[in-house]
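[1] How does the following fold in three dimensions:
(chains A and B)
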Amino acid sequence: MSEKIKELLGEEAEVLLAEKRYEVISRILPKVLKGKKPLTRSDLLDKAFLNKYLGIPVFLALWWALFRFTFDVSAPLSDLIDMVFGRLGEIASISIQNEQLASFVADGLIGGLGSVLVFIPPIFFLFFGLAILEDSGYLARAAFVVDRVMYKLGLHGKSFIPMLLGFGCNIPGIMATRTIDKEEDRILTILVNPLMSCSARLPVYVFIGGAVLGGYAAAGVYSMYILGIVLAVLMALLFRRIIPYFKGKPSAFILELPMYAMPTLRSTLAHMWERGVLFLKKAGTIILLATVVIWALSAYPWGAVHSGDEPLIEASYVGFLGHAIEPIFRPLGFDWRATVALFFGFVAKEIVVDTFGVLGLGGAEELQQVFNPVTGLAFMAFTLIYIPCLATIGVIYRETNSWKWTIFTVVYGVVLAYFVAFLIVGIGGMLGY
Amino acid sequence: MIKVALIGNPNVGKSLIFNNLTGGKAHVGNWPGKTVEKKVGKCVYKGVEIEIVDLPGTYSLTANSIDELIARDYIVKEKPDVVVDIVDASNLERNLYLTLQLLELEANVVIALNKFDVAEDLGYEINVSELSKLLGVPVVPTVATTQGGMEKLKETVARAAKEKSRRRIIEISYGKKIDELIAKIERILQKDENLTKIYPARWLAIKVLEADDEVLKIIEKSPCVQEIVNLLPEM
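    Below is the predicted model of the structure:
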């Protein structure tokens, strides 16, 4: 019976009654309230940051500034780390007598894990910049501004906060959806959260973009973040349209904006460390483990791989694996090595970089043999969109408590990734690449 | 003993007022079956003991969140003698939304107009007696940070408790069409004494129109539910 009442009324009545209450308030207020609130500095800033037309451009500009900052400041430090690992690799391959151990240390540990550790500076600087935006009170405004657009498009109001967290890591982002009251809104937000570009993808963008996009590297990386947001919105809209479970309007909510404040160096550094240290832990555990596995698969059968002067990785198990799945990715212009990197990358996206490192493609020149600017960009987009990492899949299952939604997320991710990458390659092809 | 509940939007200074009134001594537990904290304290005004329950901070009283449900269930079922609605004087528009919902619940409301100093600093001039007249409830300006208005608040609460049965219940108009529909549903609901013993009929009627999950569950069991369903297609 109550289902029937709900059907008859829809959500219209609730919104209408709420509007009427505000009408009553707006009739009371002029009778009891005199004087106009003077503009505080916070209000003045909000006039610009929350402006109907300026809000989004300001958000995009600040986000761009964040990326330029991340890149320009971290580049020399990354180069330095890269140089140190390069020298260490040379020393290892000369001084370690046992051939297999030397290969493991030089190609596996230093080539693979080292190529991931090079990204400590950009990741820490990204978190440093994010912490400044957060502590100053801007990030909540960004949520408000993007939310306003999302709400108009029919997405739930509280969605954007989990989305913002997703930029750090999708796992806390997905956990934060617990604040959303309606189960349909919550699941929808979980489904699109992996499209928010988490910090694990940053190394891939910087690695590939830096090697093949030349002067447009920063723009390429930035575009991945924007692409993620746009796709998340589009997918949510699409799912709401075509999946009956999500039909209906999202519920409105009140978002309290904190006052602007000058961020202190101490809390900014603390925030940066808190998140950055997770990357270090990941490097020491799962990425290290993956390195061992990938190195072993790329170095054996030893006799076949190491018969000539140069190791022939194509003859290894990895080569076999890569060639087996490569045909699927041929239309996207990804060769067997890129395919293998994506294959291992589902464990954690940093492992994509790790794999290239182990396969001896750690430098820009080597990567340019694998990708041209268009396939490189397509590869970045594919990395952004396809299967969320293993840990995220686990959290999606736990939070939705449903294999159906978990498998759905994985499947739509792969299909969408393929589609977008194909589109990029197609458009690039028309432009003459 | 007078039973008082404190309610208000988040960040209006509710905890501070609770501490001011109770002297900071509180019994802290959980709401039955929930993981939401429940604070209960006491104070004495002119020999009369006042028990104060701190309800969760909410913007509204829908069935959409645990906090809001706890607050409204307490008011409906425990029927405290007085509900002190703490309103941020520097942000009346947003805060009065909760006030209107409390009036709809037919709670015996006393408004504590807190942060009165902040509102004045911002250049607002609030006509307290007019506000009181329009809403039909006592309004006490307070400044919780300096304990301002606390004695006056206790006095007003004690008086409101004594005059509880004589209070005027004001109706919020939703416009002619909706008001008529609410009245029709209300008349149907009034036939079921089991319901009206606990819940204000008009409030139930409004919540039915809002398709409030909890209220629909309550109505479901009533014999008059079919009559309401038959009425709705008129809309």
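[2] okay, now the domains of chain B?
    The record's domain split for chain B, according to automatic domain parsing, is B:2-166, B:176-234.
[3] average model confidence for the last one?
    Put plainly, it is domain B:176-234. Domain B:176-234 shows an average pLDDT of 87 in the prediction.
[4] biggest helix in chain A by residues?
    helix A:55-95 (DSSP state H).
[5] could you redo the domains of chain B as CSV and give each row mean neighbour count and distance to A:Ala65?
    C-beta here means a position set from N, CA and C on the backbone, and glycine is covered the same way. Compiled in CSV, those are given as follows (neighbours: other CB atoms under 10 Å in any protein chain shown; distance: least, CB to CB, whole Å):
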stretch, mean neighbour count, distance to A:Ala65
domain B:2-166, 18, 31
domain B:176-234, 17, 44
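[6] now those domains as TSV including distance to A:Ser74?
    Formatted as TSV, the domains of chain B follow (distance: least, CB to CB, whole Å):
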stretch	distance to A:Ser74
domain B:2-166	38
domain B:176-234	50
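[7] ranking those domains by mean pLDDT, which is last?
    Looking at those, the bottom one is domain B:176-234 with a mean of 87.
[8] quick revisit: adding distance to chain A, write the domains of chain B out as JSON lines.
    Shown next, in JSON lines, are the domains of chain B (distance: least, CB to the nearest CB, whole Å):
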{"stretch": "domain B:2-166", "distance to chain A": "4"}
{"stretch": "domain B:176-234", "distance to chain A": "4"}
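[9] For A:Phe104, which of the ones you listed is the nearest?
    Among the domains of chain B, domain B:2-166 comes nearest to A:Phe104, with 50.2 Å by CB to CB.
[10] Which helix or strand lies directly C-terminal to the helix-or-strand element of chain A with minimal mean pLDDT?
    Every helix and strand of chain A was ranked by mean pLDDT, DSSP states H and E. The lowest is helix A:2-9, at a mean of 67. Per DSSP states H and E, the first helix or strand lying C-terminal to helix A:2-9 is helix A:12-32.
[11] Buried residues, that following helix. List them.
    For helix A:12-32, a neighbour-count test (16 or more other CB atoms under 10 Å in any protein chain shown) marks A:13-14, A:16-17, A:20-21, A:24-25, A:28, A:32 as buried.
[12] Would you state the helices of the stretch 51-200 of chain A in chain order?
    A:55-95, A:99-103, A:114-117, A:120-135, A:138-152, A:160-168, A:170-175, A:183-192 (DSSP state H, counting those that start in this stretch).
[13] Specify the angle between the longest helix of chain A and helix A:138-152 in degrees.
    With axes from the mean of the first three to the mean of the last three CA atoms, to 10 degrees applied, the angle from helix A:55-95 to helix A:138-152 works out at 120 degrees.
[14] Mind telling me which residue is nearest the centre of chain B?
    Residue closest to the average C-alpha location in chain B (CA atoms, centre = their mean): B:Leu102, at 3.2 Å.
[15] which residues sit in contact with it?
    B:7, B:61, B:75, B:83, B:85, B:109 (CB atoms under 8 Å, 6 or more residues apart in numbering or on different chains).
[16] Which of the three states applies to it?
    Under DSSP: H, G, I helix; E, B strand; the rest coil, B:Leu102 falls in the helix class.
[17] From B:Val82, how far out is it?
    Separation of B:Leu102 from B:Val82 (CB to CB, to the nearest Å): 11 Å.
[18] again with B:Lys46
    15 Å.
[19] residues contacting the closest residue to chain B within the stretch 301-433 of chain A?
    Relative to chain B, the nearest point of the stretch 301-433 of chain A is A:Glu399 (17.9 Å; CB to the nearest CB). A:Glu399 sits next to A:174-175, A:177-178, A:190 when contact means CB under 8 Å, 6+ apart.
[20] Which helix in chain B has the most residues?
    helix B:176-190.
[21] circling back to that earlier point, element containing the residue of the stretch 301-433 of chain A closest to chain B?
    helix A:390-400.
[22] what's the nearest residue to A:Gly322 if we skip its chain neighbours?
    Ranked by CB to CB, 6 or more residues apart in numbering or on different chains and with sequence neighbours excluded, the top spatial neighbour of A:Gly322 is A:Trp336, at 3.2 Å.
[23] Could you give the number of residues near A:Ile427?
    13 (other CB atoms under 10 Å in any protein chain shown).
[24] So which other helices or strands are in contact with the strand or helix carrying it?
    If you go by DSSP H and E, A:Ile427 is part of helix A:403-430. Judged by 3 or more CB pairs under 8 Å, 6 or more residues apart in numbering or on different chains; DSSP states H and E, helix A:403-430 is in contact with helix A:183-192, helix A:217-242, helix A:373-385, helix A:390-400.
[25] most tightly surrounded among the ones you listed?
    helix A:373-385 (a mean of 26; mean count of other CB atoms under 10 Å in any protein chain shown).
[26] Mind exporting the C-alpha coordinates of that helix to CSV?
    Output of helix A:373-385 as CSV, limited to C-alpha atoms (Å, rounded to 0.1, in the frame of the first residue of the first chain):
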residue,chain,number,x,y,z
PRO,A,373,51.5,10.8,-29.3
VAL,A,374,48.0,9.5,-30.2
THR,A,375,48.4,5.9,-29.0
GLY,A,376,50.1,7.3,-25.9
LEU,A,377,47.1,9.5,-25.1
ALA,A,378,44.8,6.5,-25.8
PHE,A,379,46.9,4.4,-23.5
MET,A,380,46.6,7.0,-20.8
ALA,A,381,42.8,7.2,-21.2
PHE,A,382,42.6,3.4,-21.2
THR,A,383,44.6,3.3,-17.9
LEU,A,384,42.2,5.9,-16.4
ILE,A,385,39.0,4.1,-17.3
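[27] still on that earlier bit, just the CA coordinates for the very next helix or strand once past the longest helix of chain B, please, in CSV.
    For helix B:176-190, the following helix or strand on the C-terminal side (DSSP H and E) is helix B:193-196. Provided in CSV are the C-alpha atoms of helix B:193-196 (Å, rounded to 0.1, in the frame of the first residue of the first chain):
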residue,chain,number,x,y,z
GLU,B,193,-7.7,6.7,17.5
ASN,B,194,-4.7,4.4,17.8
LEU,B,195,-2.8,6.8,15.5
THR,B,196,-4.0,10.1,16.8
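[28] Rounded mean pLDDT for the helix holding A:Glu399, please.
    Mean predicted confidence for helix A:390-400 is 87.
[29] Could you do stretch A:129-146 as well?
    According to the model, stretch A:129-146 has a mean pLDDT of 82.
[30] which residues in chain B form strands?
    B:2-8, B:26-30, B:37-45, B:48-54, B:82-88, B:109-114, B:125-126, B:139-141 (DSSP state E).
[31] Render the CA-only coordinates of the first one in PDB, please.
    If I follow you right, that is strand B:2-8. Below are the C-alpha coordinates for strand B:2-8, written out as PDB (Å, rounded to 0.1, in the frame of the first residue of the first chain):
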ATOM      1  CA  ILE B   2      10.100  19.300  33.600                       C
ATOM      2  CA  LYS B   3      11.300  17.300  30.600                       C
ATOM      3  CA  VAL B   4      13.100  19.500  28.000                       C
ATOM      4  CA  ALA B   5      14.700  18.500  24.700                       C
ATOM      5  CA  LEU B   6      17.300  20.700  23.000                       C
ATOM      6  CA  ILE B   7      17.300  20.800  19.200                       C
ATOM      7  CA  GLY B   8      18.900  22.900  16.500                       C
END
